[in-house]
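K.L.:
next one to model:
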Amino acid sequence: MKTKQKKKTNTPDSICYIDGEFKSLSEAKISATDLAIMRGYGIFDSLRTYGGKPFRLEDHLVRLERSAELVGLPLPHSRDKLRRIIRDTLNKNTYEESGIRIIVTGGDTDDFFTPSGKPSLLVIVMPLPHYPESFYHEGVKIATAKMERFIPEAKTTNYTFGEVAMKKARSVDPDIFEVLCVDRQGRVTECIASNVFAFFGNTLTTLGSDILYGITRQVVLELADPLSPIEIRDIYTDEIKAAHEIFITGSSKEIVPVRAVDDVIIGNGACGPQTKKLMDAFRQMRDALIQNPNSD
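P.N.:
Numbering: from 1, shown residues only. Below is the predicted model:
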C-alpha cells in the first residue's frame, strides 16, 4: 500500500509577527547576514491550537527557554511578552485551527560568526496541516538511519540532518513518512520530527534521555498512566523491530501508529489495540478542549 504524503494547499497570506511588527508572511524578511542564515544558529518551537486556543502554551515557552539556554542564545523578550505576542499574532489570523511556530534567530553578524545584533523574533501562524485518515487506521512506514542530533534537548533551526536523511530514505522508498534516528550505540532515539513509543506486551516504552522532550510525548505519558505500565529506558534497533506496536507523536500529527520499520512489519501491520486505546483517550481530551477551550 502506497502512503500519500500531505499536500500543500493554496491559502490566504498569513499575518506573522517579526521584530515588533505584524506583516503578511510574504513580506516578512530577516537580514541576509543573520546567523540563522550564515550558520544555522537559531531556535524554534512549534505548537497547535484546539478550539482556537494554543495547546500547552506554557510548556512550549518553557521548552523554548530551555533551548535558548542550551545554545547560549538570549531571548529577545520575557515569557509574559512572548505569550502576548503569540496570542496577538494568532488573533490576527482567522483559521479554524492553527499551527504556530516561534523562531528566534542568532541575529546579525559582521564577521560571519560573532553576533553583532539582537536576535530576531518571528511568530508564524498557518492553517493546521491535516494528514490522511488512513495514517491513523492503517499506520505509516518509517525508516531507520544512523544519526545523532547536536544538543538533542534543544530545538534548533539546523535540521540539515533531517533533510538529508529524509531525502535519502524517500529516494529508496517514497512511502516513508518519518526517519528514526539510531545512535552509535545502536539505540533508537527519536524521529526527525516526532517522538517514538513502543509496546512490548502491554508495557508502553520510550526513551528518557538524548531526545527532544516533546510536549505531545508528555501528554501521552499522562494519558497512558492509568491505562498501562510505563517503562522509560533505552531501546535498541533489533528490539524495536520486534515490538508488538509502535507509534510516533507530534503536535500536529498527535498519535500516529507505525505499520513498518524499514522492511519489518510491526504487529499486524496496522493500528494495534493498545495504541488505539491511547488514540481514543487523546481524542477525548482533544474533543473536550475544542468544546471548552478555556479548560486548558
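
K.L.:
show me where pLDDT drops low in the stretch 151-296 of the chain?
P.N.:
Counting by pLDDT under 70, the ranges of the stretch 151-296 of the chain that qualify are 293, 295-296.

K.L.:
residue ranges for the helices of it, please.
P.N.:
For the stretch 151-296 of the chain, applying DSSP state H, counting those that start in this stretch gives helices covering 160-172, 215-224, 237-241, 273-291.

K.L.:
touching the third one from outside, list them.
P.N.:
With Cβ atoms under 8 Å, 6 or more residues apart in numbering as the test, helix 237-241 has contacts from 144, 180, 182, 186-188, 196, 198, 246, 261-262, 264, 266. Where C-beta positions appear, they are placed from N, C-alpha and C, glycine not excepted.

K.L.:
and those as TSV, adding neighbour count and distance to Thr237?
P.N.:
Converted to TSV, these look like this (neighbours: other Cβ atoms under 10 Å; distance: Cβ to Cβ, whole Å):
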residue	neighbour count	distance to Thr237
Thr144	19	6
Leu180	25	9
Val182	18	6
Gly186	13	5
Arg187	19	8
Val188	24	6
Val196	27	12
Ala198	25	12
Ile246	27	12
Val261	21	9
Asp262	16	9
Val264	12	10
Ile266	25	13
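
K.L.:
just those residues now: which is nearest Arg79?
P.N.:
Distance to Arg79, by Cβ to Cβ, is smallest for Val196 among these, at 29.6 Å.

K.L.:
what residue, apart from its backbone neighbours, is nearest that closest one spatially?
P.N.:
Ile248 (5.3 Å; Cβ to Cβ, 6 or more residues apart in numbering).

K.L.:
that neighbour: neighbour count?
P.N.:
26 (other Cβ atoms under 10 Å).

K.L.:
go ahead and confirm it touches Val258.
P.N.:
Yes: using Cβ atoms under 8 Å, Ile248 is in contact with Val258, at 6.2 Å.

K.L.:
now for these two: what residues contact both?
P.N.:
Val140, Ile142, Val196.

K.L.:
verify the stated contact: the last one with Ile246.
P.N.:
The one in question is Val196. Yes: between Val196 and Ile246 there is a contact at 6.8 Å, judged by Cβ under 8 Å.

K.L.:
name the residues contacting each of the two.
P.N.:
With Cβ under 8 Å, 6+ apart as the test, Val196 and Ile246 both reach Ile240, Val258.

K.L.:
and stretch 273-289, how far out from the chain middle?
P.N.:
With Cα atoms, centre = their mean, to the nearest Å as the basis, stretch 273-289 stands 19 Å off its chain's centre.
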